[in-house]
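Undergrad: need a structure here:
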Amino acid sequence: MVTNARATSQLLAGILSVLVLLSFSSQVQANVNSVTASPARVAVPAKGAATFSVNWTVNRTQLTVAATVNVSSANAQLKVNGSTIAILGNNLSRSSTLGINQSDSLTFSEVITLTPAQARRVSDAAAGAVTITRTFTDTQSTGLGTLRVFAGPGIGGSLSIRRIDLHFENDARTDVVRKDESIRAIAEVNFRSNGLLRGEWRIIDPTASLGSSGGRVLQVVRQQLASSGEGRTRIVSPPLPTRTNGLYLVTFVVADTDSRIETPILRYFVLEGTAEEPEENLAILTPGDGTAVSTATVFSWKPLPGASAYQLEIFDARQITPISGKLVPGSDLKLSLSTLSLENLDPGTRYDWRIRAFDREGRVIGLSPRQSLMMP
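TA: Predicted coordinates:
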């Protein structure tokens, strides 16, 4: 009897061991099928902190025995080009009870906040390079969810104008043209995402106050833009007015711009009369010959009686066609070059420059000697 009891006990122990092994084996056969983020993409502003809500949905299947497991994610990760730059959010956790071959979806909700510095990193990165990811586990398997992050106002990646560069058809930023001569401006617009470009060509002519910031509208532009990353479009102005002598300022103004970008202004002077230039009769004050220039460099000169406008011209050494420069009204006796003007100059190169003066009839009445400058 003792022998039979012992055999029975050993048999029961063996069966129990097999059941335990089978149970353990079955538990490892669980799958996290997918992790999805809703919304799938968000857009954050370039300036200031950004806060938005996201729902993570985890779908899982219990393949063998019924079980209750804990489904969790330790944190979210902000990544640029696949590299983690910040840890976001808190631990998310829920229990899940499923029978054999049953599936279920669990939704985890959270609010994510990006600091101003993190939002700037998003803005500076290429479109599509930034993600927020979460890895969820049910203790047996894992799944990765991805939320794509873009720069722009609001969810969905609305159109964002990143840069506007203006030049005339001859690529100059300032120009002098004859009365009734044809001239147009070109706007090179860099943008992200999709939407309607709303812009206006505006001009301040010699009859308006030079202190006016708006100018009159030459043309309204409405153009649909779309890009999966960094987009670029070219917009040509209508013919610019050249009927009246004097200084003109022209610009292209758009809505939905990034607040950091500069809206450039082109200047051109309409003149009539002979093309003959006077002797060198305009005295330069600063900078000295051979000076290394920057945006802080001040060009100044002595006043010339009767001058209605002054023009700074920059040339490749020993060439006669200017490659950059600036035009100012006759009341100004000094100027500095903008970043856009300096972009036309190559580092480590020597250039020539001079100042010209125009009267109200558009005649060149003053000219300075050519001097050299260095672009460091």
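Undergrad: domain parsing for this protein?
TA: Segmentation of the chain into domains, based on automatic domain parsing, reads 29-151, 160-271, 284-375.
Undergrad: quick one: the first one to chain centroid distance?
TA: Right, the one you point to is domain 29-151. 26 Å (Cα atoms, centre = their mean, to the nearest Å).
Undergrad: looking at the domains of the chain, which is closest to residue 278?
TA: Closest of the domains of the chain to residue 278 is domain 284-375, at 5.6 Å (criterion: Cβ to Cβ). C-beta: built from backbone N, CA, C; applies to glycine.
Undergrad: and the closest one, what's its mean pLDDT?
TA: Mean per-residue pLDDT for domain 284-375: 88.
Undergrad: just stretch 43-50 next, same as before
TA: 76.
Undergrad: shaky segments in the stretch 51-200 of the chain?
TA: Applying pLDDT under 70 to the stretch 51-200 of the chain flags residues 127, 152-158.
Undergrad: would you map the helices across it?
TA: Under the criterion DSSP state H, counting those that start in this stretch, the stretch 51-200 of the chain carries helices at the ranges 116-124.
Undergrad: residues touching the residue nearest to residue 244 when sequence neighbours are not counted, list them.
TA: Leaving aside its sequence neighbours, residue 244 sits nearest to residue 206 (Cβ to Cβ, 6 or more residues apart in numbering; 5.6 Å). For residue 206, the contacting residues are 244, 245, 246, 247, 248, 270, by Cβ atoms under 8 Å, 6 or more residues apart in numbering.
Undergrad: what of residue 147?
TA: Residue 147 neighbours (Cβ under 8 Å, 6+ apart): 37, 39, 40, 41, 42, 54, 131, 132, 133.
Undergrad: and for residue 310?
TA: 301, 327-330, 332-333, 335, 355-358, 366.
Undergrad: coming back round to it: pretty sure the residue nearest to residue 244 sits in a helix.
TA: No. Read with DSSP: H, G, I helix; E, B strand; the rest coil, residue 206 is coil and lies in no helix.
Undergrad: can you give me the strands in the stretch 101-250 of the chain?
TA: 102-114, 130-137, 142-151, 160-168, 174-178, 185-204, 216-236, 246-254 (DSSP state E, counting those that start in this stretch).
Undergrad: ok, which of those strands comes nearest residue 372?
TA: It is, among these and with distance given as Cβ to Cβ, strand 174-178, at 20.0 Å.
Undergrad: just give me the residue closest to the centre of the protein.
TA: residue 162 (4.0 Å; Cα atoms, centre = their mean).
Undergrad: and the end-to-end length of stretch 290-306?
TA: 30 Å (Cα to Cα, to the nearest Å).
Undergrad: give me the residues contacting that stretch.
TA: Under Cβ under 8 Å, 6+ apart, the answer for stretch 290-306 is 281-287, 310, 312, 333-339, 342, 345, 350, 353, 355, 357, 359-360, 365-366, 368, 371-376.
Undergrad: ok, the helix or strand where residue 352 lies: who's next to it in the sheet?
TA: Assigned by DSSP states H and E, residue 352 belongs to strand 349-358. Within its sheet, strand 349-358 is paired with strand 309-316 (antiparallel), strand 364-367 (antiparallel), strand 371-375 (antiparallel), according to DSSP bridges.
Undergrad: which of these is buried the deepest?
TA: strand 309-316 (a mean of 22; mean count of other Cβ atoms under 10 Å).
Undergrad: restrict that one to CA atoms and write it as CSV.
TA: Output in CSV follows, covering the C-alpha atoms of strand 309-316 (Å, rounded to 0.1, in the frame of the first residue of the first chain):
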residue,chain,number,x,y,z
ALA,A,309,20.2,109.2,-53.5
TYR,A,310,23.5,107.4,-52.8
GLN,A,311,24.4,104.0,-54.0
LEU,A,312,27.1,101.6,-52.6
GLU,A,313,28.4,99.3,-55.2
ILE,A,314,30.6,96.2,-54.6
PHE,A,315,32.6,94.7,-57.4
ASP,A,316,34.8,91.7,-58.1
